[in-house]
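**Q** Give me a 3D structure for the following:
(one chain, ligands or ions: 1)
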Amino acid sequence: MRFPKLCDYRKTMAQNRRKTRQVTVGDERVGIVKIGGDAPVAVQTMTAGYTYEIDTCVAEIQRLAAAGADVVRVAVPEKKDTEALRQIIPQVTVPIVADVHFHFKRALEAIEAGVHKIRLNPGNIGDEKQVAEVIDACKERHLPIRVGVNEGSIVERRDKQKRQSELAGVFGNDRHGNLLAIMIAKLEEYLEIFYQRDFYDIVISAKSPDPNLVIRAYTEISKRFDHPLHLGVTHAGPRETAIVRSVVPLGHLLASGIGDTIRISYANDPALEVEDALEMLYCLELRERKGVDLIACPTCGRIQVDLFTLVQQVRKRLEEIELPIKVAVMGCIVNGPGEAEGADVAVFAGDRRGIIYVQGEKVANVPEEEILDALFAECEKFQAKVQAGQAKLGEKTVEITVPQDDATPLTVKGE
Ligand code: SF4
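**A** Numbering: from 1, shown residues only. Sure thing, here's the model as predicted:
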């Protein structure tokens with residue numbers, strides 16, 4: 001049989017990555033994160049607590065950094081927040097962005113306090129003189145600025161007449177098209193202030209709660225500007241639904257080569273945003289995976305163990321493994337081997353027992369209650385072998401022949 005020639009999707013995706021003008025965030029003490037150019041896609045999140053509660057804020061920032069956030073943003077609505085930054089920044093180990101709305105002075109105060117990046121909203125800080133002051137202060141300290149033209153704040157709110165005429169366009173036939181036109185026009189107008197001051201350390205975002213608008217907005221903006229793009233779906237909702245609302249447009253854009261840094265937003269613990277953003281980047285092979293790559297079968301009528309509980313236990317237990325070992329937890333040995341192909345370590349359950357394979361070699365056959373410990377022990381042993389140079393990740397795949405001589409081949413028996 002002749003097979004059609006297929007493109008290498010992963011290679012195409014890497015080659016297609018849009019080249020952007022790189023900016024750097026951070027310093028030697030907290031670490032320098034590059035955004036754009038050939039840098040890996042950076043993960044951001046935002047603290048949920050009050051910035052002026054210094055100890056709690058430091059603890060939250062450090063928890064988010066430990067979860068894998070490359071950059072953490074904090075809100076600075078009041079002077080007490082920017083004052084708190086003076087004490088917060090020396091205590092944290094990740095670059096900090098000040099999220100500024102309405103009061104340009106908060107940006108100047110945050111810069112004085114040692115913040116690593118500023119986020120400005122053209123929808124509520126538009127006065128050219130004020131913007132210029134912030135730009136000059138950032139330029140002096142080599143700090144980048146994110147310009148966020150979010151859907152919610154881009155349409156005029158203070159001038160009622162202007163707002164009405166803008167909305168008249170928005171509610172025309174192509175709602176997205178009109179909103180997009182406003183976003184791009186405002187962005188061009190705003191960025192002109194930056195270019196006039198010879199300032200190019202800019203990151204752009206154009207968020208919306210509407211996933212289709214997010215795709216369209218970033219696609220259009222990527223054609224017009226070479227600044228790095230900060231992707232996000234704003235006000236996405238509770239994690240249970242927001243995960244799909246976010247990953248669909250962000251995954252689409254990233255797979256098309258668009259996006260240099262991302263934030264997933266949940267009405268939930270921001271550490272979960274980081275966890276899911278990283279998993280998306282691992283899946284797209286845009287970041288090198290840290291920790292185990294776990295796959296598991298969905299179970300079916302052949303199952304003979306409590307696989308759902310087992311998978312959750314395995315997930316928790318294997319958090320201690322540092323290497324990106326591919327681990328498969330399969331409900332039976334009939335379809336399991338095919339589905340677990342490519343796994344370094346695999347367990348196939350059945351008849352209240354589990355058979356464990358390491359790179360195709362059977363290493364254990366244990367009762368159900370011992371599966372977790374045995375699997376962890378095999379993963380630890382395999383990790384040590386890889387670290388000692390005696391084995392390679394993904395080198396050999398699971399190769400198991402389904403037993404033919406057994407009248408009930410679904411059954412994994414003790415030996
Ligand atoms: S691995 Fe076995 S139990 Fe799991 S879904 Fe496939 S056939 Fe069903």
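
**Q** Going by C-alpha atoms from here, please, whenever you check contacts or count neighbours.
**A** OK.

**Q** Can you show me the CA trace of stretch 178-195 as PDB?
**A** The C-alpha coordinates for stretch 178-195 follow below in PDB (Å, rounded to 0.1, in the frame of the first residue of the first chain):
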ATOM      1  CA  ASN A 178     -16.100  46.100  14.400                       C
ATOM      2  CA  LEU A 179     -14.600  45.400  17.800                       C
ATOM      3  CA  LEU A 180     -11.400  44.300  16.100                       C
ATOM      4  CA  ALA A 181     -11.300  47.500  14.100                       C
ATOM      5  CA  ILE A 182     -11.600  49.500  17.300                       C
ATOM      6  CA  MET A 183      -9.000  47.400  19.100                       C
ATOM      7  CA  ILE A 184      -6.500  47.800  16.200                       C
ATOM      8  CA  ALA A 185      -7.200  51.500  15.700                       C
ATOM      9  CA  LYS A 186      -6.700  52.200  19.400                       C
ATOM     10  CA  LEU A 187      -3.600  50.100  19.500                       C
ATOM     11  CA  GLU A 188      -2.000  51.900  16.600                       C
ATOM     12  CA  GLU A 189      -2.900  55.300  18.100                       C
ATOM     13  CA  TYR A 190      -1.500  54.300  21.500                       C
ATOM     14  CA  LEU A 191       1.700  52.700  20.200                       C
ATOM     15  CA  GLU A 192       2.400  55.800  18.200                       C
ATOM     16  CA  ILE A 193       3.100  57.500  21.600                       C
ATOM     17  CA  PHE A 194       5.700  54.800  22.300                       C
ATOM     18  CA  TYR A 195       7.300  55.000  18.900                       C
END
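
**Q** Enumerate the positions of it that are buried.
**A** Of all the residues in stretch 178-195, those buried under the rule 16 or more other C-alpha atoms under 10 Å are 178-184, 186-187, 190-191, 193-194.

**Q** Filter these down to the ones in helices?
**A** Using DSSP state H, the subset of these located in helices is 178-184, 186-187, 190-191, 193-194.

**Q** Redo the buried residues of stretch 178-195 as a markdown table? Include pLDDT and distance to the ligand.
**A** Output for those, formatted as a markdown table (pLDDT from 0 to 100; distance: C-alpha to the nearest ligand atom, whole Å):
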| residue | pLDDT | distance to the ligand |
| --- | --- | --- |
| Asn178 | 77 | 47 |
| Leu179 | 79 | 45 |
| Leu180 | 84 | 45 |
| Ala181 | 83 | 48 |
| Ile182 | 82 | 49 |
| Met183 | 84 | 47 |
| Ile184 | 86 | 48 |
| Lys186 | 87 | 52 |
| Leu187 | 91 | 50 |
| Tyr190 | 94 | 54 |
| Leu191 | 96 | 53 |
| Ile193 | 97 | 58 |
| Phe194 | 97 | 56 |
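
**Q** Output those residues in CSV, with distance to Met46 appended to each entry.
**A** Compiled in CSV, these are given as follows (distance: C-alpha to C-alpha, whole Å):
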residue, distance to Met46
Asn178, 30
Leu179, 26
Leu180, 26
Ala181, 28
Ile182, 27
Met183, 23
Ile184, 25
Lys186, 25
Leu187, 23
Tyr190, 24
Leu191, 25
Ile193, 27
Phe194, 25
